[in-house]
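Coordinates for the following, if possible.
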Amino acid sequence: MSGVSSVRSVRVAVVGSRSLPPSLVGLVAPLVAAVVASGAVVASSCCVGADRLAVCAALRLVPASSLFRRLVVFPAFGPGGAGSCAGVSAVAAVCRAARAGASVLWGCGSAPRVPFRARLASRSVRLVSFVGAGAPGSSLVAFLASPSSRGSVSSCRLAARAGLPVLAVCAFPGPPPRLSRSVAACWLPAPCLPVPSGVSAWRWCASAPAQASLW
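Below is the predicted model of the structure:
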């Protein structure tokens, strides 16, 4: 992928809802810290909310000399925020990442004339494709404010179809929406993350065993 280090390392996508409740806001940075401490690459998207928190945490935690290899951002807009959507796009955080030396894939291959929603969908596909091309142990983690977080659930579904381990940290007690119609696949509680009261953590289990991951 152009503009990104070709080294095949473990890659972890950190994505989520645009409007996070306080119960989830404080959990994003510790998750990113665990990814960075493991030596894995942090990949994220371009929206406010979980994406912005993940990018900002990685900028604080990844050594400047390693940012090009260790932080990859997938904005659905161009340099300087061209084609961004007010109130949705985390332009300042993405531009800061670019200035700091992170790998930023401006536009994610979509022209500005493409409708913004379609660009967001294309961005998600490219993000999951990038993580799926990583070393064994690559995975996706989503912070979900509600079961109706459509874009984030869609990214989870793409990752599950790619055979990636998927972890969801939710601000609600029940599991997220199902990611496939297979009767053998389901969400199971994930004790791998300590979460406060009112927050639940889930791991998607497909009919076939998923590859090993950090979780």
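
The most far-flung residue of the chain relative to its centre in helix, strand or coil?
Going by Cα atoms, centre = their mean, the residue of the chain most distant from its centre is Val183, 26.3 Å out. Of the three states, Val183 takes coil under DSSP: H, G, I helix; E, B strand; the rest coil.

how close does it get to Ala206?
Look at Val183 and Ala206: by Cβ to Cβ, to the nearest Å, they are 12 Å apart. For every residue, glycine as well, the C-beta is placed using N, CA and C.

same deal with Ala64?
Using Cβ to Cβ, Ala64 is found at 38 Å from Ala206.

When these two are compared, which one has more neighbours?
Neighbours were counted for Ala64 and for Ala206 using other Cβ atoms under 10 Å; Ala206 has more, 18 against 10.

Wait, the more buried one touches Ser182, no?
Yes. Here Ala206 reaches Ser182: they are 7.1 Å apart, a contact under Cβ atoms under 8 Å.

in the protein, which ranges drop under the pLDDT threshold?
1-7, 109, 207-215 (pLDDT under 70).

ok, now with 80
Applying pLDDT under 80 to the chain flags residues 1-8, 109-111, 192-193, 207-215.

Do a quick rundown of the strands in it.
Under the criterion DSSP state E, the chain carries strands at the ranges 11-16, 41-44, 71-73, 103-104, 139-144, 166-170, 186-189, 200-205.

TSV for those, including mean neighbour count and distance to Ala90?
Listed next are the strands of the chain as TSV, based on neighbours: other Cβ atoms under 10 Å; distance: least, Cβ to Cβ, whole Å:
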stretch	mean neighbour count	distance to Ala90
strand 11-16	28	12
strand 41-44	29	9
strand 71-73	26	9
strand 103-104	22	12
strand 139-144	27	14
strand 166-170	25	19
strand 186-189	14	28
strand 200-205	20	24
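
Serialize the ones you listed to TSV and add fields for distance to Gly83.
Putting these into TSV (distance: least, Cβ to Cβ, whole Å) gives the following:
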stretch	distance to Gly83
strand 11-16	20
strand 41-44	19
strand 71-73	15
strand 103-104	14
strand 139-144	25
strand 166-170	29
strand 186-189	35
strand 200-205	32
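
all helices of the chain, in order?
Here the chain has its helices, by DSSP state H, at 22-38, 50-61, 67-70, 91-100, 116-132, 150-161.
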